[in-house]
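> with the input below, show me the fold.
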Amino acid sequence: MLQNHKNFKIIVNKVVIQSSTQRKKIERLISKQNKVYFNRAEDFSKKFLKYLRKENVPVKSAVNSYLKLCFDMFESHKYFMKHNKYPLADEKDAYKKVYNNIKVMKSYMFGLAISQFLWSTHYAMYSFFIKNITKKNLKIKNYLEIGSGHGLFFLKALENLDEKSKFDIVDISATSIKITKSVINFFFKKKRNINYYKKNVFDYKPKIKYEFITLGEVLEHVNQPLRLLKKINNLLSENGQVYMSTCVDCPSIDHVLHFKSIGEIELLIKKSGFKIISRNILPVEERPMKEIIKNKITINYCALLKKKN
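Below you'll find the predicted structure:
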């Protein structure tokens with residue numbers, strides 16, 4: 001089926017030519033996917049390649065960013081298995097080394113964007129988000145996203161929510177905001193009420209409440225997760241919903257918080273005043289869960305939350 005999706009094929013081919021390891025993983029992944037996956041991957045690839053041309057970024061450079069992401073994850077996991085701790089422990093160090101470093105952050109965001117369709121767990125989380133942001137009964141006046149990153153989730157929100165909705169983005173990284181802005185301005189031509197705030201979410205004090213908040217892969221980047229979730233709870237309207245994702249045993253160049261189990265994550269969710277509506281538990285390898293836990297293999301996690309009654 002890949003043959004029928006020429007733009008996605010361009011990206012895949014440039015990845016597998018450079019990495020035999022990735023070739024095996026990607027072949028295994030796409031062999032199990034349906035038409036929806038290929039259509040989404042092709043739509044993303046067509047837009048992404050156009051965006052790269054506009055930014056004067058060679059496709060090979062973007063693919064190298066993806067491969068660097070894979071290499072950095074591998075090296076971080078080696079460190080984790082040897083020392084039983086993540087390479088970084090302080091969010092301030094992550095800010096200096098990654099979020100405030102334009103070159104590193106830009107490469108990181110390009111790599112993560114491609115990973116949405118080449119990592120099975122990232123695609124599953126993206127699909128989970130799409131499923132919940134496209135529900136017909138959603139009435140969202142105000143939408144908030146914390147840490148917009150590559151902008152793909154925000155783009156889906158813009159495409160599917162009411163044109164009268166208000167959209168706010170809060171991100172600590174100026175580079176991340178710049179990338180999100182350029183992605184949205186390039187791909188979404190309709191006029192929307194969008195506001196970007198470069199600041200720590202703890203310093204963000206809006207006068208409104210939000211019907212939907214997106215907190216995608218943020219918790220593992222902070223040292224005070226309970227405080228963050230309580231802040232999100234305070235920003236949420238009474239009947240609002242939160243999409244959140246994080247991970248277990250998942251070292252990376254900017255991860256500082258080590259969740260050791262799904263139970264630890266869900267206890268934190270409950271302590272912060274949330275109830276889980278639905279969730280998705282996604283080990284990165286297809287092995288029995290006991291083996292996953294024993295060998296500290298990464299588990300991605302996403303959930304839809306609401307306030308406790």
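
> residue for residue, what is the longest helix the chain has?
For the chain, the helix with the greatest residue count under DSSP state H is helix 59-83.

> right, and the helix or strand after that helix?
Counting by DSSP states H and E, the next helix or strand C-terminal to helix 59-83 is helix 91-94.

> show me how far stretch 212-224 is from its chain's centre.
Its chain's C-alpha centre and that of stretch 212-224 lie 10 Å apart, by C-alpha atoms, centre = their mean, to the nearest Å.

> for the record, mean pLDDT for that stretch?
Averaging pLDDT along stretch 212-224 yields 96.

> in stretch 284-292, what's buried?
Residues Val284, Ile292 are the ones in stretch 284-292 that count as buried (16 or more other C-beta atoms under 10 Å). C-beta coordinates here come from the backbone N, C-alpha and C atoms, glycine included.

> now that stretch: average pLDDT?
Mean predicted confidence for stretch 284-292 is 95.

> before we move on, what about stretch 94-110?
Stretch 94-110 comes out at a mean pLDDT of 90.

> right, and the helix or strand after the helix or strand bottoming out on mean pLDDT in the chain?
None of the helices or strands of the chain scores lower by mean pLDDT, DSSP states H and E than helix 174-187, at a mean of 89. Scanning forward in sequence from helix 174-187 by DSSP H and E, the next helix or strand is strand 193-198.

> quick one, that next one and helix 174-187 angle?
160 degrees (axes from the mean of the first three to the mean of the last three C-alpha atoms, to 10 degrees).

> which secondary structure elements does whichever helix or strand comes after strand 193-198 contact?
The first helix or strand that comes after strand 193-198 along the chain, using DSSP H and E, is strand 210-216. If contacts are counted by 3 or more C-beta pairs under 8 Å, 6 or more residues apart in numbering; DSSP states H and E, strand 210-216 sits against helix 120-133, strand 142-146, helix 152-160, helix 225-235, strand 236-248.

> for the stretch 1-150 of the chain, give me the ranges with low pLDDT.
Within the stretch 1-150 of the chain, no stretch has pLDDT under 70.

> and the helix or strand where Glu266 lies, what does it pack onto?
Assigned by DSSP H and E, Glu266 belongs to helix 262-271. For helix 262-271, the elements it packs on are helix 225-235, strand 236-248, strand 274-283, strand 299-307, judged by 3+ C-beta pairs under 8 Å, 6+ apart.

> swap in 6 Å and give it another go.
Judged by 3 or more C-beta pairs under 6 Å, 6 or more residues apart in numbering; DSSP states H and E, helix 262-271 is in contact with no other helix or strand.

> quick one: buried residues of that helix?
Ile262, Ile265, Leu268, Ile269.

> just the angle between it and strand 236-248, please?
Using the same axes, to 10 degrees: helix 262-271 against strand 236-248 is 160 degrees.

> would you pull up how far helix 262-271 lies from the middle of the chain?
20 Å.

> need the CA coordinates for that helix. PDB is fine.
C-alpha atoms of helix 262-271 as PDB (Å, rounded to 0.1, in the frame of the first residue of the first chain):
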ATOM      1  CA  ILE A 262       1.300   3.200  35.000                       C
ATOM      2  CA  GLY A 263      -0.100   3.000  38.600                       C
ATOM      3  CA  GLU A 264       2.200   5.900  39.600                       C
ATOM      4  CA  ILE A 265       0.800   8.000  36.700                       C
ATOM      5  CA  GLU A 266      -2.800   7.300  37.500                       C
ATOM      6  CA  LEU A 267      -2.400   7.900  41.200                       C
ATOM      7  CA  LEU A 268      -1.000  11.300  40.300                       C
ATOM      8  CA  ILE A 269      -4.000  12.000  38.000                       C
ATOM      9  CA  LYS A 270      -6.400  11.100  40.900                       C
ATOM     10  CA  LYS A 271      -4.500  13.200  43.500                       C
END
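
> possible to save the helices and strands packed on strand 210-216 as TSV with distance to Lys6 and mean neighbour count?
What follows is the helices and strands packed on strand 210-216, written out as TSV (distance: least, C-beta to C-beta, whole Å; neighbours: other C-beta atoms under 10 Å):
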stretch	distance to Lys6	mean neighbour count
helix 120-133	20	19
strand 142-146	31	24
helix 152-160	20	19
helix 225-235	41	18
strand 236-248	31	21
